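[1] Dropping a prediction and its sequence here:
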Amino acid sequence: MTAFIIRRLMQSVLVVVVMSLIVFCGVHLVGDPVYLLINPQADQKDIEAAIRALGLDRPIWEQYLYFVGGALRGDLGNSFIFGEPALKVIVQRMPATLELAFAAIAMAIVLGIPLGLYAGLYPTSPVSRGIMATSILGFSLPTFWVGLMLIMVFAVMLGWLPSTGRGQTATFLGITTSLFTLDGLKHMLLPALNLALLKISLVIRLTRAGAREAIHQDYIKFARAKGLSNRRVIGVHLLKNILIPVVTVLGLEFGNLVAFSVVTETIFAWPGMGRLLIGSIQSLDRPVIVAYLIIIVLMFVVINLLVDILYSILDPRVRLGEQSA
């Protein structure tokens, strides 16, 4: 077990190093932020001074080594636009993105698992067919179009919910979030639903497939033969087993929600990391872009590492397969 974890840690470190190099070099090959930051009327002397001040006059390999040295100390550079550490700028926007991601995951669990379970237990019913047809729409419809339609229907036509912004926030136990206020929840509902539609469809299909496979297993037949109620058979024996792949996928999908909430945050003017990334790309704020991408890489690496370790604990065959390989 220890050797397995050490091997995975070494692989994770290698992935982070390679991705940091790709991200840093890729971002520095796109555009020149100097001409966006200085006065268009500036002469060549002012331009050269700005280049030196930003550290862009050094070779890219030297810039990368300087970046790595700072990253090891927790310094990912200073934002060209905000004049503050890039990590601080991102962390300030992180709670808004995280609360949106948690709300979307909660919707996927609350709606996706019961609907998928029903579709798996009663596959020929008209309701199940409707659930599966709706899940196809969740996979097919583009996020930006769904977001615009949600705003058009619920904010413009019906006037039930606000269309943009984060709404009122409140602080509890040192955590400032819109989850603690009614106005904040109203502002969160549409963007969270827009972000959750694809995940709801995914959970429905995973749960249905698991239920269809598990319902014919021997342990379900034995549970019924023992005289257990249908509710106990489904709620304890069947559901507990089919949730293992669902929970694993949701853990990885949470990373996707945080990383790829850019479209939703832009449409609903949600002040999170995704909207910050769009603004940084438009202004070529390289430190913020690099810091954001590095944080996302680290998040995915950590999540995958935890999933691998969890699988090795639950299924010894994973460790044995690694040893034989």
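    Looks like it came in fine.
[2] Give me the distance from the helix or strand encompassing R205 to the chain's centre.
    Using DSSP states H and E, R205 maps to helix 182-214. Between the centre of helix 182-214 and the centre of its chain there are 14 Å (C-alpha atoms, centre = their mean, to the nearest Å).
[3] hmm, who's touching the helix or strand following it?
    Heading C-terminal from helix 182-214, the first helix or strand you meet, by DSSP H and E, is helix 218-225. Residues from elsewhere that reach helix 218-225, judged by C-beta atoms under 8 Å, 6 or more residues apart in numbering: A214, R232, V233, H237, L238, N241. C-betas here are computed from N, CA, C, even on glycine.
[4] Where do the strands of the stretch 51-200 of the chain begin and end?
    In the stretch 51-200 of the chain, the strands defined using DSSP state E, counting those that start in this stretch lie at 170-172, 175-177.
[5] do you know which of those lies nearest G255?
    Closest of the strands of the stretch 51-200 of the chain to G255 is strand 175-177, at 19.9 Å (criterion: C-beta to C-beta).
[6] Could you report the separation of the closest residue to V23 other than its chain neighbours from E62?
    Spatially, and ignoring its direct neighbours in sequence, V23 is nearest to L293 (4.6 Å; C-beta to C-beta, 6 or more residues apart in numbering). Going from L293 to E62 by C-beta to C-beta, to the nearest Å gives 20 Å.
[7] Ok, Y219 next?
    Counting by C-beta to C-beta, the gap from Y219 to E62 is 62 Å.
[8] R275: neighbouring residues, count only.
    By the measure other C-beta atoms under 10 Å, the count of residues near R275 is 21.
[9] That one belongs to a helix?
    Yes. Using DSSP: H, G, I helix; E, B strand; the rest coil, the assignment for R275 is a helix.
[10] thinking again about what came up before, which among the strands of the stretch 51-200 of the chain is found nearest to T264?
    Taking those one by one with C-beta to C-beta, strand 175-177 is closest: 17.3 Å.
[11] Now do that closest one: which elements does it pack against?
    Strand 175-177 sits against helix 86-107, with contacts defined as 3 or more C-beta pairs under 8 Å, 6 or more residues apart in numbering; DSSP states H and E.
[12] Report all helices and strands that the helix it packs on contacts.
    In terms of contacts (3+ C-beta pairs under 8 Å, 6+ apart), helix 86-107 is packed against strand 175-177, helix 182-214, helix 239-259, helix 262-267, helix 273-283, helix 286-314.
[13] With distance to V18 and mean pLDDT added, can I get these in TSV?
    TSV is the format used below for the helices and strands packed on helix 86-107 (distance: least, C-beta to C-beta, whole Å; pLDDT from 0 to 100):
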stretch	distance to V18	mean pLDDT
strand 175-177	35	75
helix 182-214	29	87
helix 239-259	18	78
helix 262-267	24	86
helix 273-283	21	82
helix 286-314	10	78
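[14] Wait, G116 touches R205, no?
    Yes. G116 lies in contact with R205 (C-beta atoms under 8 Å); the separation is 6.8 Å.
[15] higher neighbour count, the two?
    Ranked by neighbour count (other C-beta under 10 Å), G116 and R205 place G116 first, with 29 against 20.
[16] got the contact list for E265?
    Applying C-beta under 8 Å, 6+ apart, the residues contacting E265 are T97, L100, P191, P271, G272, M273, G274, R275, I278.
[17] Of the residues you listed, just say which sits nearest to A71.
    M273 (18.0 Å).
[18] what's the distance between that closest one and L115?
    For M273, the distance to L115 (C-beta to C-beta) stands at 30 Å.
[19] Which of these two has more residues huddled nearby?
    Counted by other C-beta under 10 Å, M273 and L115 do not tie: M273 has more neighbours, with 28 against 23.
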